[in-house]
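J.: Requesting a structural model of the entry that follows:
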Amino acid sequence: MPPTDASTDADTTPTAVPHAPAPPAESSEEAQGAANAEHTRTADGADSADFQDTLDLRLPDELLALLAERDGGPRLAPEPAVPTEHDLLDDVGEWGPVTTPSGVFQLVPVRIERDLALISRWMNDPAVAAFWELAGTDTVTADHLGPQLDGDGRSVPCLGVLDGTPMSYWEIYRADLDPLARYYPARPHDTGIHLLIGGVADRGRGLGTTLLQAVADLVLDHRPRCARVIAEPDLRNTPSVSAFLGAGFRFSAEVDLPDKRAALMVRDRALRNALQASHSL
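T.: Numbers count the residues shown, from 1 in each chain. The predicted model follows:
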(Lines give C-alpha, C1' and ligand atoms only; values in the text may rest on other atoms or scores of the structure.)
Protein backbone atom coordinates (compact mmCIF):
# COMPACT_ATOMS: atom_id res chain seq x y z
CA MET A 1 0.00 0.00 0.00
CA PRO A 2 1.20 3.49 -0.72
CA PRO A 3 2.35 5.59 2.24
CA THR A 4 0.50 8.50 3.74
CA ASP A 5 2.89 11.04 5.28
CA ALA A 6 1.89 12.76 8.52
CA SER A 7 3.06 13.44 12.03
CA THR A 8 2.93 16.31 14.43
CA ASP A 9 5.69 18.10 16.28
CA ALA A 10 5.16 20.50 19.15
CA ASP A 11 6.84 23.89 18.85
CA THR A 12 7.79 26.00 21.85
CA THR A 13 8.93 29.62 22.11
CA PRO A 14 11.32 30.72 24.90
CA THR A 15 9.88 33.34 27.28
CA ALA A 16 12.06 36.25 28.38
CA VAL A 17 12.37 36.93 32.13
CA PRO A 18 12.66 40.67 32.99
CA HIS A 19 16.00 41.79 34.47
CA ALA A 20 17.40 38.23 34.30
CA PRO A 21 21.00 37.89 33.16
CA ALA A 22 21.50 36.57 29.67
CA PRO A 23 21.84 32.75 29.61
CA PRO A 24 25.09 31.21 28.41
CA ALA A 25 25.26 30.44 24.72
CA GLU A 26 24.07 27.00 23.78
CA SER A 27 26.50 24.41 22.52
CA SER A 28 26.26 23.66 18.80
CA GLU A 29 24.62 20.30 19.52
CA GLU A 30 21.98 21.86 21.80
CA ALA A 31 21.23 24.62 19.33
CA GLN A 32 20.95 22.11 16.49
CA GLY A 33 18.62 19.92 18.55
CA ALA A 34 16.36 22.84 19.47
CA ALA A 35 16.18 23.96 15.86
CA ASN A 36 15.56 20.61 14.23
CA ALA A 37 11.77 20.34 14.57
CA GLU A 38 10.32 18.76 11.43
CA HIS A 39 6.73 19.72 10.65
CA THR A 40 5.01 16.93 8.74
CA ARG A 41 1.78 16.21 6.97
CA THR A 42 -1.54 16.23 8.80
CA ALA A 43 -3.66 13.13 9.24
CA ASP A 44 -5.97 14.00 6.35
CA GLY A 45 -2.95 14.16 3.97
CA ALA A 46 -2.71 17.94 3.65
CA ASP A 47 0.76 19.41 3.53
CA SER A 48 1.69 22.05 6.08
CA ALA A 49 4.68 24.38 5.74
CA ASP A 50 8.06 23.24 6.96
CA PHE A 51 9.73 25.63 9.33
CA GLN A 52 12.61 25.91 11.78
CA ASP A 53 13.09 28.23 14.73
CA THR A 54 16.73 29.11 15.28
CA LEU A 55 18.58 31.25 17.78
CA ASP A 56 21.77 32.85 16.44
CA LEU A 57 23.67 35.00 18.89
CA ARG A 58 26.61 35.74 16.51
CA LEU A 59 26.92 39.31 15.26
CA PRO A 60 26.56 39.78 11.49
CA ASP A 61 29.82 39.53 9.56
CA GLU A 62 29.37 43.05 8.19
CA LEU A 63 29.15 44.52 11.68
CA LEU A 64 32.17 42.56 12.89
CA ALA A 65 34.20 43.79 9.93
CA LEU A 66 33.12 47.38 10.56
CA LEU A 67 34.15 47.18 14.22
CA ALA A 68 37.51 45.66 13.26
CA GLU A 69 38.17 48.47 10.77
CA ARG A 70 37.29 51.12 13.36
CA ASP A 71 39.70 49.56 15.86
CA GLY A 72 42.46 49.30 13.27
CA GLY A 73 42.37 45.51 13.29
CA PRO A 74 42.27 43.17 10.32
CA ARG A 75 39.02 42.65 8.41
CA LEU A 76 37.23 39.43 9.41
CA ALA A 77 36.41 37.00 6.62
CA PRO A 78 32.79 35.74 6.68
CA GLU A 79 32.41 32.36 8.32
CA PRO A 80 31.53 29.50 5.98
CA ALA A 81 27.87 28.49 5.90
CA VAL A 82 26.98 25.57 8.12
CA PRO A 83 26.24 22.56 5.88
CA THR A 84 22.68 21.30 6.02
CA GLU A 85 21.33 17.81 5.44
CA HIS A 86 20.60 17.42 1.71
CA ASP A 87 17.48 15.43 2.31
CA LEU A 88 15.82 13.36 5.00
CA LEU A 89 17.01 10.05 3.56
CA ASP A 90 20.71 10.69 2.93
CA ASP A 91 20.64 10.95 -0.88
CA VAL A 92 18.97 7.73 -2.00
CA GLY A 93 19.91 8.54 -5.58
CA GLU A 94 23.60 8.46 -4.67
CA TRP A 95 23.59 5.02 -3.05
CA GLY A 96 24.84 3.40 -6.23
CA PRO A 97 24.61 -0.17 -7.54
CA VAL A 98 24.98 -3.36 -5.53
CA THR A 99 25.78 -6.86 -6.75
CA THR A 100 23.18 -9.48 -5.79
CA PRO A 101 22.86 -13.19 -6.63
CA SER A 102 20.34 -12.12 -9.29
CA GLY A 103 22.48 -9.42 -10.91
CA VAL A 104 23.53 -5.80 -10.43
CA PHE A 105 20.74 -3.84 -8.79
CA GLN A 106 20.29 -0.10 -8.28
CA LEU A 107 17.61 2.26 -6.96
CA VAL A 108 17.01 5.11 -9.41
CA PRO A 109 14.78 7.98 -8.21
CA VAL A 110 11.67 8.37 -10.33
CA ARG A 111 11.43 11.06 -12.99
CA ILE A 112 7.77 11.43 -13.76
CA GLU A 113 8.20 12.44 -17.41
CA ARG A 114 10.33 9.34 -18.03
CA ASP A 115 8.76 6.74 -15.76
CA LEU A 116 5.04 7.52 -15.39
CA ALA A 117 3.75 5.25 -18.18
CA LEU A 118 5.74 2.25 -16.92
CA ILE A 119 4.73 2.63 -13.27
CA SER A 120 1.09 3.23 -14.25
CA ARG A 121 1.11 0.01 -16.29
CA TRP A 122 2.40 -1.91 -13.27
CA MET A 123 -0.25 -0.33 -11.04
CA ASN A 124 -2.95 -1.63 -13.39
CA ASP A 125 -1.84 -5.23 -13.05
CA PRO A 126 -4.68 -6.87 -11.05
CA ALA A 127 -2.23 -8.57 -8.65
CA VAL A 128 -0.68 -5.19 -7.84
CA ALA A 129 -3.92 -3.18 -7.84
CA ALA A 130 -5.41 -5.49 -5.20
CA PHE A 131 -3.00 -4.05 -2.62
CA TRP A 132 -1.83 -0.68 -3.98
CA GLU A 133 -5.31 0.41 -5.14
CA LEU A 134 -3.90 2.75 -7.81
CA ALA A 135 -5.44 1.24 -10.93
CA GLY A 136 -6.71 3.75 -13.49
CA THR A 137 -5.29 6.31 -15.89
CA ASP A 138 -1.78 7.71 -15.71
CA THR A 139 -3.26 10.61 -13.74
CA VAL A 140 -3.99 8.30 -10.80
CA THR A 141 -0.34 7.26 -10.60
CA ALA A 142 0.84 10.84 -11.16
CA ASP A 143 -1.31 12.01 -8.25
CA HIS A 144 0.37 9.40 -6.07
CA LEU A 145 3.91 10.27 -7.17
CA GLY A 146 3.50 14.05 -7.18
CA PRO A 147 3.39 14.71 -3.41
CA GLN A 148 6.51 12.59 -2.91
CA LEU A 149 8.46 14.26 -5.73
CA ASP A 150 7.37 17.74 -4.66
CA GLY A 151 7.69 17.12 -0.91
CA ASP A 152 10.52 17.56 1.56
CA GLY A 153 12.22 14.24 0.83
CA ARG A 154 10.67 12.11 3.54
CA SER A 155 9.54 9.61 0.86
CA VAL A 156 11.55 8.91 -2.30
CA PRO A 157 9.92 6.88 -5.11
CA CYS A 158 12.41 4.83 -7.11
CA LEU A 159 12.64 2.38 -9.95
CA GLY A 160 14.47 -0.83 -9.14
CA VAL A 161 16.84 -1.48 -12.05
CA LEU A 162 18.27 -4.99 -12.39
CA ASP A 163 21.09 -5.47 -14.91
CA GLY A 164 20.04 -2.27 -16.64
CA THR A 165 16.30 -3.09 -16.85
CA PRO A 166 13.64 -1.34 -14.74
CA MET A 167 11.67 -4.18 -13.13
CA SER A 168 10.28 -2.95 -9.79
CA TYR A 169 8.95 0.11 -7.99
CA TRP A 170 10.12 1.14 -4.51
CA GLU A 171 9.33 3.79 -1.96
CA ILE A 172 12.01 4.51 0.62
CA TYR A 173 10.45 6.60 3.38
CA ARG A 174 11.01 7.92 6.87
CA ALA A 175 8.76 5.65 8.92
CA ASP A 176 9.26 7.84 12.00
CA LEU A 177 7.72 10.78 10.09
CA ASP A 178 4.87 8.74 8.60
CA PRO A 179 1.39 8.13 10.08
CA LEU A 180 2.66 4.60 10.69
CA ALA A 181 4.60 6.04 13.63
CA ARG A 182 1.29 6.44 15.49
CA TYR A 183 0.71 2.69 15.34
CA TYR A 184 4.02 1.31 16.56
CA PRO A 185 6.81 2.47 18.92
CA ALA A 186 8.81 4.40 16.32
CA ARG A 187 12.43 5.38 16.83
CA PRO A 188 14.23 8.35 15.22
CA HIS A 189 15.36 7.62 11.65
CA ASP A 190 13.37 4.38 11.28
CA THR A 191 13.33 3.87 7.51
CA GLY A 192 10.46 2.16 5.70
CA ILE A 193 10.23 0.21 2.45
CA HIS A 194 7.36 -0.31 0.00
CA LEU A 195 7.92 -2.60 -2.98
CA LEU A 196 6.16 -3.98 -6.02
CA ILE A 197 7.65 -6.33 -8.60
CA GLY A 198 6.51 -5.11 -12.00
CA GLY A 199 6.73 -8.06 -14.36
CA VAL A 200 4.85 -11.32 -13.85
CA ALA A 201 7.95 -13.27 -14.94
CA ASP A 202 9.91 -11.78 -12.03
CA ARG A 203 7.44 -12.93 -9.37
CA GLY A 204 7.30 -16.19 -7.47
CA ARG A 205 10.98 -17.14 -7.89
CA GLY A 206 12.57 -15.59 -4.82
CA LEU A 207 13.63 -12.36 -6.50
CA GLY A 208 11.67 -10.23 -4.04
CA THR A 209 13.53 -11.75 -1.11
CA THR A 210 16.90 -11.14 -2.75
CA LEU A 211 16.13 -7.51 -3.57
CA LEU A 212 14.57 -6.76 -0.18
CA GLN A 213 17.72 -7.97 1.55
CA ALA A 214 19.85 -5.88 -0.83
CA VAL A 215 17.79 -2.71 -0.29
CA ALA A 216 17.71 -3.17 3.50
CA ASP A 217 21.50 -3.48 3.39
CA LEU A 218 21.70 -0.31 1.29
CA VAL A 219 19.62 1.55 3.88
CA LEU A 220 21.82 0.39 6.75
CA ASP A 221 25.02 1.10 4.80
CA HIS A 222 24.07 4.64 3.78
CA ARG A 223 21.95 5.75 6.74
CA PRO A 224 24.20 5.34 9.80
CA ARG A 225 21.59 6.94 12.08
CA CYS A 226 18.99 4.33 11.10
CA ALA A 227 18.89 1.40 13.51
CA ARG A 228 15.89 -0.38 11.96
CA VAL A 229 14.31 -0.92 8.55
CA ILE A 230 10.51 -1.13 8.74
CA ALA A 231 7.83 -2.56 6.47
CA GLU A 232 4.06 -3.00 6.82
CA PRO A 233 2.77 -5.32 4.08
CA ASP A 234 -0.89 -6.24 4.02
CA LEU A 235 -1.35 -9.27 6.26
CA ARG A 236 -3.33 -10.95 3.45
CA ASN A 237 -0.36 -10.66 1.10
CA THR A 238 1.30 -13.89 2.14
CA PRO A 239 4.00 -13.87 -0.59
CA SER A 240 5.07 -10.38 0.46
CA VAL A 241 5.25 -11.27 4.15
CA SER A 242 7.25 -14.39 3.28
CA ALA A 243 9.66 -12.36 1.17
CA PHE A 244 10.35 -9.99 4.07
CA LEU A 245 10.92 -12.92 6.43
CA GLY A 246 13.34 -14.46 3.96
CA ALA A 247 15.21 -11.15 3.71
CA GLY A 248 15.98 -11.09 7.43
CA PHE A 249 13.02 -9.10 8.72
CA ARG A 250 11.23 -10.33 11.81
CA PHE A 251 7.49 -10.28 12.35
CA SER A 252 6.89 -7.76 15.13
CA ALA A 253 3.12 -7.35 15.39
CA GLU A 254 -0.20 -7.14 13.62
CA VAL A 255 -1.17 -3.50 13.18
CA ASP A 256 -4.61 -2.10 12.35
CA LEU A 257 -3.95 0.75 9.94
CA PRO A 258 -6.73 2.94 8.47
CA ASP A 259 -6.70 1.09 5.14
CA LYS A 260 -5.49 -2.40 6.04
CA ARG A 261 -4.45 -4.87 8.70
CA ALA A 262 -0.70 -5.00 8.34
CA ALA A 263 2.17 -7.22 9.39
CA LEU A 264 4.77 -4.97 11.02
CA MET A 265 8.13 -6.27 9.82
CA VAL A 266 11.43 -5.09 11.32
CA ARG A 267 15.02 -5.62 10.31
CA ASP A 268 17.42 -4.63 13.08
CA ARG A 269 20.89 -3.26 12.46
CA ALA A 270 22.02 -4.99 15.67
CA LEU A 271 21.18 -8.41 14.17
CA ARG A 272 22.75 -7.72 10.78
CA ASN A 273 26.00 -9.59 11.45
CA ALA A 274 24.10 -12.64 12.66
CA LEU A 275 21.98 -12.59 9.49
CA GLN A 276 25.04 -12.34 7.25
CA ALA A 277 26.70 -15.21 9.08
CA SER A 278 23.63 -17.43 8.62
CA HIS A 279 23.54 -16.70 4.87
CA SER A 280 27.21 -17.60 4.54
CA LEU A 281 26.71 -21.11 5.98
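J.: how near is F131 to R225?
T.: Counting by C-beta to C-beta, to the nearest Å, the separation of F131 from R225 is 30 Å. For every residue, glycine as well, the C-beta is placed using N, CA and C.
J.: E94 now?
T.: Distance from E94 to R225, by C-beta to C-beta: 16 Å.
J.: Could you tell me how many residues sit around G206?
T.: Applying other C-beta atoms under 10 Å, we find 13 residues neighbouring G206.
J.: Phi and psi next, for it.
T.: G206 adopts backbone torsions of phi 90, psi 0, taken as degrees, to the nearest 10.
J.: State the pLDDT value of it.
T.: pLDDT for G206: 96.
J.: Likewise for the one 10 residues further on?
T.: According to the prediction, A216 has pLDDT 98.
J.: surely it meets A247?
T.: Yes - if you go by C-beta atoms under 8 Å, A216 and A247 touch, sitting 6.3 Å apart.
J.: what is in contact with the two at once?
T.: Jointly contacting A216 and A247 under the rule C-beta atoms under 8 Å, 6 or more residues apart in numbering are R267.
J.: remind me, longest helix of this structure?
T.: helix 207-222 (DSSP state H).
J.: Does anything pack onto that one? Which helices or strands?
T.: Other helices and strands packing on helix 207-222, by 3 or more C-beta pairs under 8 Å, 6 or more residues apart in numbering; DSSP states H and E, are strand 98-100, strand 103-109, strand 155-162, strand 165-174, strand 191-197, strand 228-231, helix 238-246.
J.: Show me which positions of it end up buried.
T.: 207-220, 222 (16 or more other C-beta atoms under 10 Å).
J.: Give the burial count for G160, as a bare number.
T.: A count of nearby residues for G160, using other C-beta under 10 Å, gives 23.
J.: give the contact list for it.
T.: Going by C-beta under 8 Å, 6+ apart, G160 touches F105, Q106, L107, V108, P166, M167, S168, Y169, W170, L195, L211, V215.
J.: from the helices and strands packed on helix 207-222, which stretch is densest packed?
T.: strand 228-231 (a mean of 26; mean count of other C-beta atoms under 10 Å).
J.: what about D143, distance to G248?
T.: Counting by C-beta to C-beta, the gap from D143 to G248 is 34 Å.
J.: So if I had to pick from the two, which one is more boxed in?
T.: G248 (23 against 12).
J.: Quick check on T137: phi, psi?
T.: phi -70, psi 170.
J.: how about the residue lying closest to it once chain neighbours are set aside, what does it touch?
T.: Nearest non-adjacent residue to T137, counting by C-beta to C-beta, 6 or more residues apart in numbering: S120, 7.4 Å away. Counting by C-beta under 8 Å, 6+ apart, S120 makes contact with T137, D138, V140, T141, A142.
J.: same check, this time on C226
T.: H189, D190, T191, V219, L220, R269.
J.: switch the cut-off to 7 Å
T.: Shown in contact with C226 (C-beta atoms under 7 Å, 6 or more residues apart in numbering): H189, D190, T191, V219, L220.
J.: I'd like to know how far D143 sits from I112.
T.: For D143, the distance to I112 equals 11 Å [C-beta to C-beta].
J.: That concludes my questions; thank you for your assistance.
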